[in-house]
Structure formats: structure tokens, C-alpha cells
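> I'll drop the sequence and a predicted model, then ask my questions.
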Amino acid sequence: MHQRVCKIFKNFPNSDSTANNPDDGSNSELLSPQRQSLVPPSITPNIDKVETPLPGLKLPETAKQWAEANAYFHSQRANLPNVNNIDNFTNSLQSLIYDYFASNYGTLETKTISSVYQNKSINKLKKELKQLKVLGRNNHNYDLQTKALSKKIRLKLSAVKAQKCRKNSDITNRLQQKLWPTCITVNHQIEQAMMLIKYISPSCT
């Protein structure tokens, strides 16, 4: 190892000779890449790079599966970059975790997410959304699933509101077209409801 390092340093240009011969063409050629590397990255931003959200993950369901995942992450710890570069270390760790769950348990597509929440009540969906927001505070892998669930809740609320409006509008139209028959029908429905209440709870008067 020591011999390899020595050979590498021997191949580097002599800094003293570079300082004493500033007009040497060969030295200027060697320095030009270094000067280019010193240009701040903010001057040439990568505009074309657009981050897209990753699909949601299917997670383990048993304690044994979680233990296997934890053991795998510990076994890969030596392959992670140095923690001194915290950004590089964090990105590598997140990729390691995401790739493991994606390859072993799969991902959730948008259609799958929609079908999972199709027959659930609004209150239950709100509870699950709250849990997803807690999980996604420091993990953007839940963003897609959170957005899909939020959209599903909004659609269900809009449907309930529209149904109430249609019901009220239907009675209004019936009253405008046939006032007395509609009043008789509504009054009959109220009487039936009152009889049902008295039957269920005789104490009610």
C-alpha cells in the first residue's frame, strides 16, 4: 500500500517547479482542469434534473420480517460512505432501505392505492392519513401515498356534499311542481318516523 501511494505522488507535478515557471505551457495545461473544478457549482446549475416522487412501499407485516430487514441493514453498514459527508451518507442509507423493501415486498402504484381505500369510511381514511403524515415527516417515500389518500378523502367529501344538495334540490323541485301531494308525502314520512321512534323508545312522547 505504501509503495502504491509513493508512485501516485511521484506522478503529480512538482508544485515548486510550477511556481518558478508560470509561462510553461505544459503546466498551464495541467492546471486548467483544476481551475475549472474550482468554479462554484451554483454558476452552472443542473436545470434539467427534476426529482420525481418514488412509488409507495409495501412493508413487512410480521416481527420476523422486520427482524430480517434490520439484520440486513446492519450487514450493509460497512458498505455505506463515510458519515463525515452527511448528505452522501443519508442518501445512500435511504436508497439502501428503499431498495430492500421495494425488491422484497414491492411498491404501491396509484391505482393500487385508490383501490385499497375504495370501500373505507371517511373517518377511517382520515386516521390513516394522519398516520401517513407522521411516517412521512422525515421520509419522502410516503409523499405519493399521502397525496393519493388526501385526494381520495376530498373526493368522498365532495360526493357526500353533492348527494345532500341533490336530495334538498329534489324536495324543492317536488314542492314547486306538486305542492300539496309533496306536503302529504313528507307529512306521512314524518308520521312514520315518529311511530318508529315511539316503538323503539316507548318513554318518548
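Okay, I see it.
> Scan this structure for its longest helix.
helix 143-177 (DSSP state H).
> Domain parsing of this protein, as residue ranges.
Domain assignment for the chain by automatic domain parsing gives 2-37, 56-107, 163-200.
> just to revisit the earlier point, other SSEs contacting the longest helix of the chain?
helix 110-116, helix 122-135, helix 179-200 (3 or more Cβ pairs under 8 Å, 6 or more residues apart in numbering; DSSP states H and E). Where C-beta positions appear, they are placed from N, C-alpha and C, glycine not excepted.
> Those: which one's closest to residue 70?
helix 122-135 (17.1 Å; Cβ to Cβ).
> Next, the angle helix 143-177 makes with that closest one.
If you take axes from the mean of the first three to the mean of the last three Cα atoms, to 10 degrees, helix 122-135 sits at 160 degrees to helix 143-177.
> Please point out which parts of helix 122-135 sit buried.
Buried residues in helix 122-135, defined by neighbour count with 16 or more other Cβ atoms under 10 Å: 125, 128, 129, 132.
> Can you tell me which of those is nearest residue 69?
Lowest distance from residue 69 to the buried residues of helix 122-135 (Cβ to Cβ) belongs to residue 132, with 19.7 Å.
> ok, the closest one - contacts?
For residue 132, the contacting residues are 142, 145, 146, 149, by Cβ atoms under 8 Å, 6 or more residues apart in numbering.
> Not counting its neighbours along the chain, what's nearest the last one?
Spelled out, it's residue 149. residue 129 (5.0 Å; Cβ to Cβ, 6 or more residues apart in numbering).
> Need the phi and psi values for residue 57.
When read as degrees, to the nearest 10, the backbone of residue 57 gives phi -110, psi 150.
> hang on, I meant residue 107
phi -120, psi 160.
> same deal with residue 80?
Torsion angles, degrees, to the nearest 10, at residue 80: phi -80, psi 150.
> which residues make contact with the helix or strand encompassing residue 94 from outside it?
Counting by DSSP states H and E, the element that carries residue 94 is helix 86-105. Here helix 86-105 makes contact (Cβ under 8 Å, 6+ apart) with 54-55, 57-60, 69, 72-73, 76, 80-83, 139, 141.
> Out of those, which comes closest to residue 157?
residue 55 (25.7 Å).
> show me what contacts the residue nearest to that closest one when sequence neighbours are not counted?
Excluding its sequence neighbours, the residue lying closest to residue 55 (Cβ to Cβ, 6+ apart) is residue 107, at 3.9 Å. Residues in contact with residue 107 (Cβ under 8 Å, 6+ apart) are 54, 55, 56, 57, 58.
> With that, I have no additional questions.
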